[in-house]
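>>> Below is the structure, and that's it, no one-letter string:
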């Protein structure tokens, strides 16, 4: 099943898509011309296994990706797709997401 979401900031359109084999975010300019993908699916520190949710941080010009399949991590990329940093939510969020109290 293909699902997508569109966000706009700083003259750029970001189109996130979930497909059975790949999760990525395509970036287009304001005229609709394709620029590049933010597609870092894999197991390295800068990669994600799957995009559970994503958003833009217009203050810092960052794409923020929540990767629930990879130990509950949030990964940050700049608008060109360069990896910036990772926040590991750890086991507390894992328990909370399943309706249990964190330990």
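Arrived safely. Just so we're clear, the structure is a prediction, and the values are computed from it rather than from any experiment.

>>> how close does the residue nearest to the spatial centre of the chain get to residue 32?
Nearest to the geometric centre of the chain sits residue 65, at 2.4 Å (C-alpha atoms, centre = their mean). Using C-beta to C-beta, to the nearest Å, we find residue 65 at a distance of 23 Å from residue 32. To be clear about C-beta, it is placed using only N, CA and C from the backbone, and glycine gets the same treatment.

>>> Do I have it right that the residue nearest to the centre of the chain meets residue 81?
No - at 11.0 Å, residue 65 does not count as touching residue 81 under the criterion of C-beta atoms under 8 Å.

>>> I'd like the distance between residue 63 and residue 27.
Taking C-beta to C-beta, one finds residue 63 at 9 Å from residue 27.

>>> where exactly do the helices run in this protein?
Using DSSP state H, the helices assigned to the chain run over residues 90-97.

>>> tell me which helix or strand of it sits lowest on mean pLDDT?
When the helices and strands of the chain are scored by mean pLDDT, DSSP states H and E, helix 90-97 comes last with a mean of 55.

>>> Identify the bridge partners of the nearest residue to residue 32 once chain neighbours are set aside.
Using C-beta to C-beta, 6 or more residues apart in numbering and skipping the chain neighbours, the partner closest in space to residue 32 is residue 13 (7.4 Å). Legend: beta-bridge partners of residue 13 under DSSP bridges are residue 8, residue 28.

>>> what residues are up against residue 13?
Applying C-beta atoms under 8 Å, 6 or more residues apart in numbering, we find residue 13 in contact with 6, 7, 27, 28, 29, 30, 32.

>>> same question, residue 46
40, 75, 83, 86 are the contacts of residue 46 under C-beta under 8 Å, 6+ apart.

>>> same thing but 10 Å
When the contact criterion is C-beta atoms under 10 Å, 6 or more residues apart in numbering, the partners of residue 46 are 40, 75, 77, 82, 83, 84, 85, 86.
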